[in-house]
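[1] need a structure here:
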Amino acid sequence: MLRADDTIGPPDLARMRRERYGRLQDQLAAQGLDALLLLGGSNVEYATGARVPACDAGRAAMFRTVALVRANDPFPHLFAAYPEGVPEELPADHVHPPLWPEIDAGPIGKLIRGRVGLDEYTGAMWAAVSGVEVVDASTVMGRVKITKTVDELRCIRMAQHLNELAMTDVQPMARPGVRSAELTGRLLRRVLELGATGNAIDPIWQVMPARIGEGPWTVHGDVAFPTAPRDRILRDGDIIWVDTGVLYNGYASDFGRTWLVGLPPKPTSRQADQFARWRAVVDAVLAVVKPGATGGDLTRAAIAALPGGHRKPWLDHFYLIHGVGTDSAEMPLIGTDIGPAFDDSIVLAPGMVLVIEPVIWDDGDGGYRSEDIVAVTDDGWVALSDYSYEPFA
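    Prediction:
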């Protein structure tokens with residue numbers, strides 16, 4: 001049973017780690033695998049609970065944390081350069097010095113035998129894993145991550161709460177003459193003061209043009225979002241698409257809203273209409289969210305919410321809905337360019353997390369975009385986000 005109230009309260013982190021590891025062991029048995037060798041940061045954290053300090057991409061590659069999950073082993077093996085990030089319940093004989101898969105993968109080859117799931121390759125690993133039957137670890141990680149335990153849902157709710165609480169300080173700063181970098185500084189300082197354990201993505205404060213042709217060039221010819229943050233000075237009348245994500249014990253939030261710059265910020269009648277259409281799409285999607293519904297049911301509901309020739313209410317090169325967990329965007333992915341058959345293959349189940357992000361765009365008049373997060377329960381859904389839509393509602 002998963003009820004709405006189950007998502008409220010502090011997470012039991014030790015229980016969460018045990019349950020995640022149990023899911024991995026179940027999938028090893030179900031898929032006939034002897035082990036998982038995990039190099040991807042979010043996968044390693046999922047399997048072991050180990051925390052790694054944030055650092056630049058070059059250092060992250062050099063000082064990787066690696067996890068080895070062997071079938072029927074009661075604990076994962078962790079190879080880490082940061083012993084302070086090791087969970088206390090992990091036995092000493094399962095904690096090892098770091099490996100160097102980018103440079104010397106020989107030791108890795110000695111660790112694995114039989115049929116092994118691998119999530120990332122490095123150049124040095126090709127020779128090291130010769131003689132081992134390697135399969136894609138996503139067949140395991142996708143299945144264990146797509147539904148969340150109660151404690152995982154509580155972590156996501158807390159990450160979102162901290163992100164939104166910080167935004168109550170940041171949004172009033174979005175006024176003429178302020179640099180977007182000042183918004184970033186305030187957000188990052190505030191979320192850490194509030195208890196966030198890391199930052200998932202560079203905060204995005206994208207000033208949107210009125211027309212696609214006035215924005216950055218794209219290979220897909222559609223609305224360009226997101227683009228890299230810049231130290232831009234905000235001006236009266238700017239439309240800002242906001243996207244941020246912070247971490248709480250390894251789980252990401254996903255904050256998305258449309259803000260207006262002005263004193264006071266006030267939407268035009270067209271902008272108010274765009275928000276109303278966005279709200280209609282979200283309400284139509286939520287009306288069909290329940291266990292057993294398919295991703296196709298959700299996309300069809302979104303399209304039917306806007307009769308009369310409006311464009312499809314999301315960005316084709318993104319999605320209508322994505323999941324969130326140890327990654328900022330993970331399964332389920334609904335409304336992608338993979339096509340309707342893939343959407344129909346996704347069946348909602350209790351514990352799935354849906355980030356619903358329609359986009360309303362009127363070329364020549366810009367558009368509206370926001371993100372709401374819900375978790376699927378036994379009898380419907382529960383909201384995990386709770387931020388206002390000011391100045392639109």
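
[2] secondary structure class for Asn290?
    For residue 290 the amino acid is Lys, not Asn. For Lys290, the assignment made with DSSP: H, G, I helix; E, B strand; the rest coil gives coil.

[3] The closest residue to it other than its chain neighbours and Pro350, how far apart?
    With sequence-adjacent residues excluded and distances taken as Cβ to Cβ, 6 or more residues apart in numbering, Lys290 is closest to Gly380, at 5.1 Å. (Glycine included, C-beta is placed from N, CA and C.) Gly380 sits 10 Å away from Pro350, going by Cβ to Cβ, to the nearest Å.

[4] Hmm, Gly292 and the residue nearest to Lys290 touching each other?
    No - at 11.3 Å, Gly380 does not count as touching Gly292 under the criterion of Cβ atoms under 8 Å.

[5] Of those two, which one has the most company?
    Gly380 (14 against 9; other Cβ atoms under 10 Å).

[6] Quick check on that one: phi, psi?
    phi 160, psi -120 (degrees, to the nearest 10).

[7] Just list whatever residues bridge to it.
    Here Gly380 sits in beta bridges with Thr377, as judged by DSSP bridges.

[8] Distance-wise, check it relative to Gly351.
    Separation of Gly380 from Gly351 (Cβ to Cβ) stands at 13 Å.

[9] do the same with Asp327
    Asp327 is 16 Å from Gly351, by Cβ to Cβ.

[10] what's the answer for Glu19, then?
    Here Glu19 is placed at a distance of 11 Å from Gly351 (Cβ to Cβ).

[11] Contacts for stretch 139-148, please.
    By Cβ atoms under 8 Å, 6 or more residues apart in numbering, the residues outside stretch 139-148 that reach it are 20, 23-24, 27-28, 31, 33, 36, 38, 43, 46, 117, 119, 156, 323, 325-327, 330-332, 349-353, 375.

[12] Those residues, buried ones only, as a ChimeraX selection?
    Filtering these down to the buried ones (16 or more other Cβ atoms under 10 Å) takes a single ChimeraX command:
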select :20,23,24,27,28,33,36,38,43,46,117,119,156,323,325,326,327,330,331,332,350,351,352,353,375
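
[13] Inside helices: which ones of the contacts of stretch 139-148?
    Using DSSP state H, the members of those that fall within helices are Arg20, Arg23, Leu24, Gln27, Leu28, Asn43, Tyr46, Ile156.

[14] Leaving out the residues flanking it, which one is nearest to the third one?
    It stands for Leu24. Val69 (5.4 Å).

[15] same question, the second one
    What sits nearest to Arg23 in space, not counting adjacent residues and going by Cβ to Cβ, 6+ apart, is Val144, at 4.2 Å.

[16] Ok, the fourth one next?
    On the basis of Cβ to Cβ, 6+ apart, the spatially nearest residue to Gln27 that is not a chain neighbour turns out to be Val140, at 4.5 Å.

[17] can you give me phi and psi for the one you found?
    Residue torsions, per degrees, to the nearest 10, at Val140 are phi -90, psi -50.

[18] How many neighbouring residues does it have?
    Residues near Val140, counting by other Cβ under 10 Å, number 25.

[19] Give me the distance between it and Met352.
    Relative to Met352, and taking Cβ to Cβ, Val140 is found at 18 Å.

[20] most centrally placed residue in this protein?
    With distances taken as Cα atoms, centre = their mean, Ser328 lies nearest the centre of the chain, 1.6 Å away.

[21] Isn't it up against Asn199?
    No - using Cβ under 8 Å, Ser328 makes no contact with Asn199, being 10.6 Å away.

[22] tell me, what's touching these two both at once?
    Common contacts of Ser328 and Asn199 (Cβ under 8 Å, 6+ apart): Gly245.

[23] Give me the below-cutoff pLDDT ranges for the stretch 51-200 of the chain.
    Scanning the stretch 51-200 of the chain for pLDDT under 70 picks out the ranges 53-62.

[24] where along it do the helices fall?
    57-62, 106-111, 125-128, 138-145, 150-170, 180-194 (DSSP state H, counting those that start in this stretch).

[25] And the stretch 251-393 of the chain, by the same measure?
    Secondary structure of the stretch 251-393 of the chain, counting by DSSP H, counting those that start in this stretch: helices at 269-286, 295-304, 340-345.

[26] from the ones you listed, which stretch is densest packed?
    helix 295-304 (a mean of 20; mean count of other Cβ atoms under 10 Å).

[27] ok and that helix relative to helix 269-286, angle-wise?
    Relative orientation of helix 295-304 versus helix 269-286 (axes from the mean of the first three to the mean of the last three Cα atoms, to 10 degrees): 150 degrees.

[28] Pull out the buried residues from stretch 105-121.
    Using 16+ other Cβ under 10 Å as the burial criterion, the residues of stretch 105-121 that qualify are Ala105, Ile108, Gly109, Leu111, Ile112, Arg115, Val116, Gly117, Leu118, Asp119.

[29] For the first one, list the residues it contacts.
    For Ala105, the contacting residues are Leu99, Thr122, Ala124, Met125, Ala127, Ala128, Val129, taking Cβ under 8 Å, 6+ apart as the criterion.

[30] Pick out the most distant pair among those.
    For the contacts of Ala105, the maximum inter-member distance is 15.2 Å, found between Leu99 and Ala127 (Cβ to Cβ).

[31] So for these two, which residue has more residues nearby?
    Leu99 (22 against 10).

[32] tell me the domain ranges of this protein?
    Annotated domains of the chain cover 4-145, 150-383 [automatic domain parsing].

[33] For Tyr389, find the nearest of those.
    domain 150-383 (6.5 Å).

[34] Quick check: end-to-end length of the closest one?
    Distance between the boundary residues of domain 150-383 (Cα to Cα, to the nearest Å) amounts to 14 Å.

[35] Pull the contacting residues for the residue lying closest to Asp236 once chain neighbours are set aside.
    Sequence neighbours aside, Pro176 is the residue nearest to Asp236 in space, at 4.6 Å (criterion: Cβ to Cβ, 6+ apart). Contacts of Pro176 were listed using Cβ under 8 Å, 6+ apart, and they are Leu234, Arg235, Asp236, Val261, Gly262, Leu263.
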